[in-house]
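model the structure of this input:
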Amino acid sequence: MAINPRDPVPPEAEPGPDAPSEGSVPPPLLPGRDGTRPGRDRILPTFEQVGAGAWRLVGVGLVISFGLILFLRLRLVMLPLIVALFIATLLEPLAARLKRWGWPPALATFTVFVGVAAAFTGIILALVPQTVGQFDRLGQDLERAIREVETWLIDGPLNLSPEQVQGYVDQVVEWISGDTGALTSRVVGGVQLAGEILAGIALTLVLVFFYVKDGDRIAAWALTHVQPARRDVARAAARRAWGTLSGYLRGTSITGLIDAVFIGIGLALLDVPLVLPLALLTFFGAFFPVIGAPLAGLLAVAVAFVSHGPGRAIAVAVLVFAVQQIESYLLAPNIMGRAVRLHPIVVLVALTTGGLVAGIIGAFLAVPVTAVGVAVVGEIRRWEAAQLAVPDPPGDGRTQPGEPGPAGAAPTAAD
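This next block holds a predicted model:
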């Protein structure tokens, strides 16, 4: 509609007495004049977000602290539950294959259980006789090495007298056997610890059997306690956790076996004693990332030094370093795949925390538990992102683009 400039101006459009004249600059906006302050919309939400995040961190810290306290109080139950789950991830594929062949679940689980136990017992029985004989030889080599060190202390650059060396030896012996009360308390504590270990082993074996036999039923029962709207994400997170754990254990076992075989062959060619025990320690050292394999290699170097001197020790050090570098940069990335991808700092922090909380078992469990936690959190985040990306279904009261508006609605300026 055209506007005639001769038409009278409506009263509400007439400028008031306080209105600025044409060409004048409006006065600056003073704080509180319109009920707000400059930057208030930016500052207050920031403080609110920081406060909410701080309270979330406090809540998470309290939950973690309570969980650690509960874990330490019930470690005799919690450790077998976790260790049994780890072992079950290795035995479940064998039992599942027997079940697919028509074996009853109980018989398939019992067969796998007895077979693995028999194989492990056979390995131990084969190692003991050879290890005992080689320990006698190593003891003689150790005595010879101690005499060489004493000779070096006396005739070497330190130029100590025999009386000084003997005095230092006597101090060490007195420190080891001087506190009889502390030694007795350690013996009593050791007996109690041995009882707890035996009880934990028995409970672990029972739990492994039922994990392998009734794993599907246990998982289905656990899902019944999850809200129906959350069962899909819970099922996906559980599958991701199981896949991460099984992939970590299988990959670590394979890489540890490769390290043990090649280092054992090298030690045998270099005529180093205790080849089988050192290879076995190398295998188990793989389950303690970053620190386990170097410690096992350092022990092999020490044995080579005691038995054959510094030249053979240097050769063993080069062997261990070469094998571990090949395993770390060529084999592990292809074997482990996407199962575990943790930064070395995260691994070290997890190992330290696990060792402080539960000793050697805690250090053994720290890295896989951390990897499973990271995998579960990632799966939950992907599920939430997928939920946010789903468009709103039609019929929710909103007008879709290109559709006519409600009947009787006045057309908008865009129309």
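
average pLDDT across the helix or strand encompassing residue 293?
Assigned by DSSP states H and E, residue 293 belongs to helix 292-308. Mean pLDDT, computed over helix 292-308, is 86.

buried residues in that helix, which are they?
Taking 16 or more other CB atoms under 10 Å as the neighbour-count basis, helix 292-308 is seen to contain the buried residues 292-293, 296-297, 299-301, 303-308. Glycine gets a C-beta too; all of them are placed from N, C-alpha and C.

centre of the chain to that helix, how far?
Offset of helix 292-308 from its chain centre (CA atoms, centre = their mean, to the nearest Å): 27 Å.

which secondary structure elements does that helix contact?
Judged by 3 or more CB pairs under 8 Å, 6 or more residues apart in numbering; DSSP states H and E, helix 292-308 is in contact with helix 105-155, helix 231-269, helix 275-285, helix 310-326.

re earlier: the buried residues of helix 292-308 into a markdown table, with extra columns for distance to residue 316?
Putting the buried residues of helix 292-308 into a markdown table (distance: CB to CB, whole Å) gives the following:
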| residue | distance to residue 316 |
| --- | --- |
| 292 | 17 |
| 293 | 14 |
| 296 | 12 |
| 297 | 8 |
| 299 | 10 |
| 300 | 5 |
| 301 | 5 |
| 303 | 8 |
| 304 | 4 |
| 305 | 8 |
| 306 | 11 |
| 307 | 10 |
| 308 | 9 |
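
for residue 272, phi and psi?
The phi/psi pair for residue 272 (degrees, to the nearest 10) reads phi -90, psi 130.

burial count for it?
Neighbours of residue 272 under the rule other CB atoms under 10 Å: 26.

do the same with residue 159
9.

OK, contacts around it?
Contacts for residue 159 (CB atoms under 8 Å, 6 or more residues apart in numbering) come out as none.

pLDDT weak spots in the protein?
1-47, 130, 133-139, 141, 172-190, 336-341, 390-415 (pLDDT under 70).

how far away is residue 124 from residue 266?
Note on residue 124: its distance to residue 266, by CB to CB, to the nearest Å, is 23 Å.

more neighbours, the two?
Between residue 124 and residue 266, counting by other CB under 10 Å, residue 266 is the more crowded of the two (20 against 11).

isn't the more buried one up against residue 319?
Yes. Judged on CB atoms under 8 Å, residue 266 makes contact with residue 319 at a distance of 4.3 Å.

what sits closest to residue 361 if chain neighbours are left out?
residue 79 (5.7 Å; CB to CB, 6 or more residues apart in numbering).

need the contact list for that neighbour.
Neighbouring residues of residue 79 by CB under 8 Å, 6+ apart: 200, 358, 361, 365.

give me the neighbour count for the second one.
What that stands for is residue 358. Using other CB under 10 Å, residue 358 has 20 other residues around it.

residue contacts, it?
Contact analysis of residue 358 by CB under 8 Å, 6+ apart lists 71, 72, 75, 79, 365.

still on that earlier bit, gap between the residue nearest to residue 361 and residue 91?
Distance, residue 79 to residue 91, by CB to CB: 18 Å.

same check on residue 226?
Separation of residue 226 from residue 91 (CB to CB): 27 Å.

please identify which of the two sits among more neighbours.
residue 91 (18 against 14).

quick one, which of the contacts of residue 358 are buried?
Among those, those classed as buried by 16+ other CB under 10 Å are 71, 75, 79, 365.

residue contacts, the last one?
Yep, that's residue 365 we're talking about. Per CB under 8 Å, 6+ apart, neighbours of residue 365: 79, 82, 83, 86, 354, 358.

please, which helix or strand holds the closest residue to the fifth one other than its chain neighbours?
Leaving aside its sequence neighbours, residue 354 sits nearest to residue 366 (CB to CB, 6+ apart; 2.9 Å). Using DSSP H and E, residue 366 sits in helix 344-389.

having no further points to raise, I will conclude here.
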